[in-house]
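Undergrad: give me a 3D structure for the following:
(3 chains)
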Amino acid sequence: MSNTSDIVVVGGGLVGTAVAYGLVRAGASVTLLDEGDVAHRASRGNFGLVWVQGKGADQPAYARWTRRSADLWPEFAARLKRETGVDPCYRKEGGLHICLDPEEMRAREATLETIAGHTGTDQSGAGGRIDFAMLDRRHLAELVQGLGADVAGASFCADDGHCNPLFLLHALHAAFAAGGGRSVGEAPVERIEPGSSGFLLHTAKGEFSAGRVVLAAGLGSARLAPMVGLTVPVRPQRGQVVVTTRQPPRLRLPTHWLRQTAEGSLMLGDSQEEVGHDEGVTLPVLQTIAARAVRCLPWLAEVPVLRSWGALRVMSPDGLPIYAQSAAFEGAFVVTCHSGVTLAAAHAGALAPAIAEGAVPGELQCFGQERFDVPQAA
Amino acid sequence: MFRRLPDDERDRVVLTFEDERIEARRGDTLAAALLAHGRMVTRETAGGGRGPFCMMGVCFECLVDVHGRGGGRGLQACMIEVCDGMKAGRHRTQSSDEPEGAA
Amino acid sequence: MKRTQLLVVGGGPAGLAAAALAAQRGVETMLVDEQPRPGGQIYRSGGFTSSTLDRLLGESRRHGAELVTAFEHSGAVYRPRTSVWHLDPDGEAGLLVRDAQGAGASETIRAERIVLATGAMERPVAFAGWTLPGVMNAGAAQILLKSSALVPEGRVVLAGSGPLLLLVATQILEAGGRIAALLETAPRNMNAAALRRLPRAGRGWREIARGIGFYRYLQRRGVPVHFDVDGLVAEGTGALGAVCWQSGGVTHRLPADLLLVHFGVIPVTHATRAIGADHVWDQAQQAWRPRLDEFGATSVSRYAVAGDAGGIGGAQAAEVSGRLVALDAAARLGPMSRDERDRLAAPLHKKWNAATAVRPLLDALYPPPAFAADPADDIVVCRCEGVTAARIREAARRGCTGPNQLKAFTRCGMGPCQGRQCGPVVQALIAAVHGRPIETIPPMRVRPPLRALSVGDLARIARADSDEAY
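TA: Below is the predicted model of the structure:
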């Protein structure tokens, strides 16, 4: 098989496969290079939220991009299921952010008002105003059984939803393959050589060449980016997650750190820790996660824990995605973010077609890497 | 399926499993007590009933729910001992095809 | 604040010997064990007297009692009914203590050094019908005999291979039980691989004579013994009804109430994998084991392994390795000089070599059957999640190169047993699909909790470093 294609995507996680899938749909010949079985993989530790509320208070473009992806998700999920038979189990019935005191309620409302302002006044169109409401304890109790005594209320956003991130990853891999894409596993990229007519990638599985290259290797992109004239200052941020055995349906709507999956497991998250590449779990954090969950929903106390893990989010200095094309080597792109599930639909449906045309879309120009450039000392 | 050796002279303990009265011996694990009583099925799944397989805590097939004070759901019957008045029942594993994260 | 110098996990021969010697040598030692009484699976007892059990278990039961007595007099702290559900790199261990009704209380303890003596488990082999109630491990039947004085009755069939299978068979007969058939997957005559290993096998002749003696005894007692058994199938709806197999070119079917299977034992590596220790593939034993130095130290600081958890050596070797690990702990934690450790260790190393000399022969005599590596498509491999061999093969063909991606794609290994039962089978299946050597397929990652606990247990941990739960 020839090792030459139009585009090579580096990284087989949610970001890489979503972009690769979008590229084959746009008609490109694409090779996806993936690492081995035990690679650091944010996608396998993901919480599974397609989440709008709370995102982009400080960056209107991020609020709009997130909202747009949420709008694309229903059709995206249906198409994946149709094309692959793998159902990512997406449900869009709204999501809750539970608040434990009135002060938190007030702050929450202010944040969401700001984001609503960023996202406009039209609730129907793509990228429109986010659809949220503040629920007091009485109204929340109608949606959630067995609330703890400390719960003050919640914000509700109709644009939120959740899915199964592992099936999403599986479906994206399958859809990419079904669309004619070529996937090469156990092929970590050692070196990228820019040339006159494209890029040569040296991997454990041999050399691959392409006119364009998309770096979507999560934390691994930091090392590869300088080889194509890009800087990707991402760092790991750990989130610990606890999952229980399957239970009868009891929590219909997802919350930002507690949800019941389609098949019954309860997922409890999720911490934000700056601990380098350590994927472990720690007793104090697990305890904090469990104690907060029991405080919100006391019936959780007797539910058996199945597993816990630490996953590494891919964080940029301002927490926003990085979408950029290299100025020095045209055709080299980087795509990285910590919301690989939420943004999957936009990555496949809006970003990838633009990359296939050779550019980052205009609406995403503010996510370029140059925002991190350190001003030269005077 | 199993019978007691005749010289086992331990005290009798009475428990209830799925509303059935079961006589066991003090020191029995719940799994042993159920097998001695002829109850092979301790857990229900979409693929049928399951029973104790390893008796040493590694297979997680003998999951039961212990009711009442201090009880718990999804406990391994081979790892807990019977006591007078214990009430327990089969654990029902919700069926599913969906994994939920972190391979 | 709860602290101990040495924490020993597991109360079998390795753990008991390690804890007893360390405590005698002045190391502050605590042993935690899941069972209500010390002894591990090999010396397990129900804590009651029975002359029948004394007769059946004989020397083994007496030796176990001696080991327990020595431990009880050593000064080591003993915590029964206590599971370890988490191990931190810095030596903090999460414990769950259960009362008789199963109610748990979680706490942590901080140890300077931790010895994992978690023993062995029976090798899982997925065959048609192995999930039916009425199919159990042979070792499970032996546990029921030792701890609850229960003897199999009805139409009992034993199948598989290995010394334990034969031992259980004779114990059933001597306890007055009956056996409808014994299905040996090994050939009747010793294979060439075993013959090659005979000269260096120490008391190898004795083991072989013992094996032949077992078969003769069974046949004398009227038990039909079939060799070279293949295609094992457990049939039944809702519960076991019959056992089918092929041997001598003939397909057999026998009605059965209880099928006891045994395909050898493998190390329990959950704890060592959870702490991220290096493991090596043991080709002879067809299992992973942690990489250890001559004193049982793992690649992770603070952690050592004693006994079968470090590689199958049997009860005698386990006891010796427990002492070696204890000497090393004493030297590292203060009370003993390195010279003294080495002086005391020299005869123990010799003893360990002698005790394990027969293993290569046993491994060659009783290899896992060919069908262990190649289950038919419709066989359930992951018992917890009901994942079949076909789905695993399909996921492997779709690009899964290892069990961790496979978990994500199929849920295989994600149930409560965390791959304890399916892991070895999955490894063989993936290796076969990709045409790769089995040792290149990594084992499944292990995620805490190692033992079941509830969200409430987790929320109420009494931490080692604080006086109150938070």
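Undergrad: direction included, what does the longest strand belonging to chain A pair against?
TA: Under DSSP state E, the strand in chain A containing the largest number of residues is strand A:304-315. When pairing is defined by DSSP bridges, strand A:304-315 lines up against strand A:235-244 (antiparallel), strand C:453-454 (antiparallel).
Undergrad: downstream of the longest one, the next helix or strand is which one?
TA: Past strand A:235-244, further along toward the C-terminus, the next helix or strand under DSSP states H and E is strand A:258-260.
Undergrad: B:Thr45 is in contact with C:Gly386, isn't it?
TA: Yes. Contact criterion Cβ atoms under 8 Å: B:Thr45 and C:Gly386 qualify, at 6.7 Å. Where C-beta positions appear, they are placed from N, C-alpha and C, glycine not excepted.
Undergrad: which SSE is immediately downstream of the longest strand of chain A?
TA: On the C-terminal side of strand A:304-315, the nearest following helix or strand under DSSP H and E is strand A:322-325.
Undergrad: paired strands for that next one, with orientation please.
TA: According to DSSP bridges, the neighbouring strands of strand A:322-325, each with its direction, are strand A:332-336 (antiparallel).
Undergrad: mean confidence for the strand it pairs with?
TA: Averaging pLDDT along strand A:332-336 yields 97.
Undergrad: return the set of buried residues in it.
TA: Buried residues in strand A:332-336, defined by neighbour count with 16 or more other Cβ atoms under 10 Å in any protein chain shown: A:332-336.
Undergrad: would you turn the strands paired with strand A:304-315 into JSON lines with mean neighbour count?
TA: JSON lines is the format used below for those (neighbours: other Cβ atoms under 10 Å in any protein chain shown):
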{"stretch": "strand A:235-244", "mean neighbour count": "22"}
{"stretch": "strand C:453-454", "mean neighbour count": "26"}
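Undergrad: and those as TSV, adding distance to B:Asp84?
TA: What follows is these, written out as TSV (distance: least, Cβ to Cβ, whole Å):
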stretch	distance to B:Asp84
strand A:235-244	31
strand C:453-454	24
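Undergrad: any idea which helix or strand comes after the strand ranked longest in chain C?
TA: With residue count as the measure and DSSP E as the assignment, chain C has strand C:104-116 as its longest strand. Remark: after strand C:104-116, the chain's next helix or strand is strand C:120-122, criterion DSSP H and E.
Undergrad: okay, now the sheet partners of that next one, with direction.
TA: Strand partners for strand C:120-122, identified by DSSP bridges, are recorded as strand C:265-267 (antiparallel).
Undergrad: show me what the longest strand of chain C is packed up against.
TA: Applying 3 or more Cβ pairs under 8 Å, 6 or more residues apart in numbering or on different chains; DSSP states H and E, we find strand C:104-116 packed against strand C:3-9, helix C:13-24, strand C:92-98, strand C:303-305, helix C:314-333, strand C:453-454, helix C:455-459.
Undergrad: against which helices or strands is the last one packed?
TA: Right, helix C:455-459. Counting contacts by 3+ Cβ pairs under 8 Å, 6+ apart, helix C:455-459 is packed against strand A:235-244, helix A:283-296, strand A:304-315, strand C:104-116.
Undergrad: same thing but at 6 Å, please
TA: Under the contact criterion of 3 or more Cβ pairs under 6 Å, 6 or more residues apart in numbering or on different chains; DSSP states H and E, the helices and strands touching helix C:455-459 comprise helix A:283-296.
Undergrad: same question for the longest one.
TA: With contacts defined as 3+ Cβ pairs under 6 Å, 6+ apart, helix C:314-333 has these neighbours: helix C:13-24, strand C:104-116, helix C:338-356.
Undergrad: so the first one versus strand C:3-9, what angle?
TA: For helix C:13-24 against strand C:3-9, the angle by axes from the mean of the first three to the mean of the last three Cα atoms, to 10 degrees is 160 degrees.
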